[in-house]
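1. here is a sequence together with a model predicted from it:
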Amino acid sequence: MTVTVRPATDADWPAIWAIVEPVVRAGEAYTVDPGMGEAEAKDFWCGPPSTHVTVAEVDGRVLGTAHMGPNRAGPGAHIANASYMVAADAQGRGVGRALVVDSLERLAADGFAGLQFNAVAESNRGALKLYADLGFDIVGTIPGGFDHPREGRVGLHILYRPLP
């Protein structure tokens, strides 16, 4: 399976929404309102401060998406932030890895010094394994910082990786 990552276009939004909606509704991975509507989700995913929104395709089907940009403004703007979502039927097939690797390359090319993830639930084991494999370190944890719908309150990790 060959995964291709490319910049998203406006025409990709329906496919992106088909990935974003079930992830948001599940309430298992993101610190956003599970009841957010499509317009709010589009603004969250595609609006500022995102400098890049990408999609991962296999055989022309969008199976994942990423958004990235500065983590903070001003003196913190040299550190990036990124988020990823993968369609449920594509998880564990290299789509997430392709999105993360692509974002590392894009953000390094943009001159960012590092990539920080502000909120990764400790229950998101697949993502944490992937991030560790790609050189991210857990630099802090908020105990009970994420209220998982099935596992209850779990730690919320902050991860970081320098960029070349």
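-> That came through, no problem. Numbering: from 1, shown residues only.
2. rest of the way, CA atoms for contacts and neighbours
-> OK.
3. which helix or strand contains Leu104?
-> Taking DSSP states H and E as the definition, Leu104 sits inside helix 95-109.
4. for that helix, what does the pLDDT average out to?
-> Computed over helix 95-109, the mean pLDDT rounds to 98.
5. contacts for the helix or strand that comes right after that helix, please.
-> Later in the chain than helix 95-109, the nearest helix or strand by DSSP H and E is strand 114-121. Strand 114-121 has contacts (CA atoms under 8 Å, 6 or more residues apart in numbering) with 29-31, 71, 78-83, 104, 108, 128, 146, 154-163.
6. so which of these are in helices?
-> Under the assignment DSSP state H, the contacts of strand 114-121 contribute Leu104, Ala108, Leu128 to helices.
7. burial count for the second one?
-> When neighbours are counted by other CA atoms under 10 Å, Ala108 registers 17.
8. please look at it and Arg161 and confirm they touch.
-> No: using CA atoms under 8 Å, Ala108 is not in contact with Arg161, being 11.4 Å away.
9. now do the contacts for the spatially most central residue of the chain.
-> For the chain, the residue nearest the mean C-alpha position is Ser83 (1.7 Å; CA atoms, centre = their mean). Shown in contact with Ser83 (CA under 8 Å, 6+ apart): Ala66, His67, Met68, Phe117.
10. and it, how far is that from Asn71?
-> Ser83 sits 11 Å away from Asn71, going by CA to CA, to the nearest Å.
11. show me where pLDDT drops low in this structure?
-> Within the chain, no range satisfies pLDDT under 70.
12. would you map the strands across the protein?
-> Along the chain, the segments classed as strands by DSSP state E run 4-7, 52-58, 61-70, 79-86, 114-121, 137-148, 152-162.
13. which among those is found nearest to Met36?
-> Between Met36 and those, the tightest spacing by CA to CA is seen for strand 79-86, at 16.0 Å.
14. filter the contacts of Ser83 down to the buried ones.
-> Among those, those scoring as buried are Ala66, His67, Met68, Phe117 (criterion: 16 or more other CA atoms under 10 Å).
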